[in-house]
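J.: I'd like to go over a predicted model; first the sequence, then the structure.
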Amino acid sequence: MVPNVNEWVWIGLYDDRYSWKWSMEGKLFYVGSTHEFLIWANGQPDCVDAKEHCVALQGQTQMNDRPCGDSYPFLCYNASSTSYILVMESRSWSAAQSYCRTYHTDLTSIRSKEEKSNITLTLNGSGVQYVWIGLYRDPWASWSDNTTSTFTNWAPSEPNNYISVEYCVSFHLLSGKWSDGMCSSRVYFFCFTAVTKQTVVKMKLQSEADMHSTEIQQQVSQQVSSSVTNTNLTQVQTMLHVFHHLHILSSCQASCCQKD
Ligand SMILES: [Ca+2]
Ligand SMILES: [Ca+2]
């Protein structure tokens, strides 16, 4: 069956709501036994309205993904004094990160049970509802083939993560616009086959320079490579054949032939 042009069809982009990273290390955080002390509040992470990409401690012990632009007090970590500093000044996650990096080390990580206990002690009695920690993620960062891309083409009001169940991307055949949808929905889909095209370019150079010199050969090779790399070719192999009988010319001449 041929789909109607007004259909939405799946493409390979999805949002991994567990791809969290620490500001301090830039590493994925789900390693080892972190599940034992990094506890999500009930129903979290839920990425409400597709806008929650930073993490705050809620009720001082459990994690909740929240909009990075929200202003909350925050927890810095100072590596030189191994201390946790609660800053009772409401800032966005990025502004909090800048503050911690300027005056301490970074927004705090929680890498062990001991660190979690120290943080709980620091927050004890503060009365804060939400407090930023160093956990964040890049939304819509993964394609199904594990490549990354910053290009998006969302339809108006998308992505919206309607009722917090939409983590896969569909493509509108008529408009080419994208929308997040429920991954278990049954719709048509696009597959992709990589096509490799090989182009052979043969070039004959005539020059006064000593083409037997390794240095000259490298220079010519680099120049040919860079001029070819400026095209859309992704992989370039340059093979240089030096001919023994070169004509002496006052300027360089080149002739090319191309075949697919
Ligand atoms: Ca949330
Ligand atoms: Ca949607």
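T.: Perfect, I can see it now. Residues are numbered from 1 along each chain as shown. Ligands and ions are numbered 1, 2, ... in the order given.

J.: which helices and strands sit right next to the biggest helix by length in the chain?
T.: Ordering each helix of the chain by length in residues (DSSP state H) puts helix 214-229 first. Judged by 3 or more C-beta pairs under 8 Å, 6 or more residues apart in numbering; DSSP states H and E, helix 214-229 is in contact with strand 200-206. In this view, the C-beta of every residue, glycine as well, is placed from N, C-alpha and C.

J.: now the strand it packs on, how far from the centre of its chain.
T.: Relative to its parent chain, strand 200-206 has a centroid offset of 40 Å by C-alpha atoms, centre = their mean, to the nearest Å.

J.: That one pairs with which strands, and in what direction?
T.: In the sheet, strand 200-206 lines up against strand 253-259 (antiparallel) (DSSP bridges).

J.: For this protein, what lies in contact range of ligand 2?
T.: Residues of the chain lying close to ligand 2 (C-beta under 5 Å from the ion) are N160, Y162, E166, S179, D180.

J.: which among these end up buried?
T.: For the residues of the chain next to ligand 2, a burial check counting by 16 or more other C-beta atoms under 10 Å picks out E166, S179, D180.

J.: Select from those residues every entry located in strands.
T.: S179, D180 (DSSP state E).

J.: Make CSV out of the buried ones among the residues of the chain next to ligand 2 and add distance to ligand 1.
T.: Putting these into CSV (distance: C-beta to the ion, whole Å) gives the following:
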residue, distance to ligand 1
E166, 14
S179, 21
D180, 16
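
J.: Next one: T150 from ligand 1, what distance?
T.: Relative to ligand 1, T150 is positioned 24 Å away (C-beta to the ion, to the nearest Å).

J.: mean confidence for stretch 180-191?
T.: Average pLDDT, stretch 180-191: 95.

J.: May I see the buried residues of that stretch?
T.: Judged by neighbour count using 16+ other C-beta under 10 Å, the buried positions of stretch 180-191 are D180, G181.

J.: residues making contact with it?
T.: Here stretch 180-191 makes contact (C-beta atoms under 8 Å, 6 or more residues apart in numbering) with 3, 7-12, 14-15, 50, 158-162, 165-171.
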